[in-house]
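**Student:** A predicted structure for the sequence below; I have some questions about it.
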Amino acid sequence: MTIKRGVKQMVDEAMAEIETISTADAIARHESDDVVFVDIRDVRELDKEGMIPGAVHAPRGMLEFWVDPDSPYHRDVFDQEDKTYLLYCRSNWRSALATKALKDMGMTNVAHIEGGYGAWMDQGGPQAERPSKK
């Protein structure tokens, strides 16, 4: 099988079209009422490393379904047009592709965090354990 566009190329193309927020700016906006942090990592990553306090966990495989109001899986948290959604993953490749997908769906209030959760931890951003499901 010959791959015509590799992941790196897809990420580079996405990065050229999306907004990237620096880690420092994201940390500074953590307590802001106009931001929703969206963690798109797998639950095993959240269990191992924790997450940004107050972030919404939207697994990468379900994100578009949760955002689309016509989807049976839609989540109301994504209906807040007065907020900016800041997506993140571990480094920033998955969040770049996810941000591009949401932009392609018509979202204009979406960006991702440069360096992802790894950079967030390195720069001393607040961390919390994944909330337990009861």
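**Tutor:** Perfect, I can see it now.

**Student:** avg pLDDT for the longest helix along the chain?
**Tutor:** Using DSSP state H to define each element, the chain has its longest helix at helix 93-105. In this model, helix 93-105 has a mean pLDDT of 98.

**Student:** so who does residue 68 touch?
**Tutor:** 74, 105 (Cβ atoms under 8 Å, 6 or more residues apart in numbering). For the C-beta atoms, the positions are set from N, CA and C on the backbone; glycine is no exception.

**Student:** Same question for residue 96.
**Tutor:** Residue 96 sits next to 11, 14-15, 18, 20, 112 when contact means Cβ under 8 Å, 6+ apart.

**Student:** repeat that with 6 Å
**Tutor:** The neighbours of residue 96, taking Cβ atoms under 6 Å, 6 or more residues apart in numbering as the test, are 11, 14-15, 112.

**Student:** Skipping adjacent residues, who's closest to it in space?
**Tutor:** Nearest non-adjacent residue to residue 96, counting by Cβ to Cβ, 6 or more residues apart in numbering: residue 14, 4.4 Å away.

**Student:** For residue 114, see how far away the one you found is.
**Tutor:** 13 Å (Cβ to Cβ, to the nearest Å).

**Student:** May I have the secondary structure class of the residue nearest the centre of the chain?
**Tutor:** When Cα atoms, centre = their mean is applied to the chain, the residue found nearest the centroid is residue 87 (1.8 Å). Here residue 87 is recorded as strand under DSSP: H, G, I helix; E, B strand; the rest coil.
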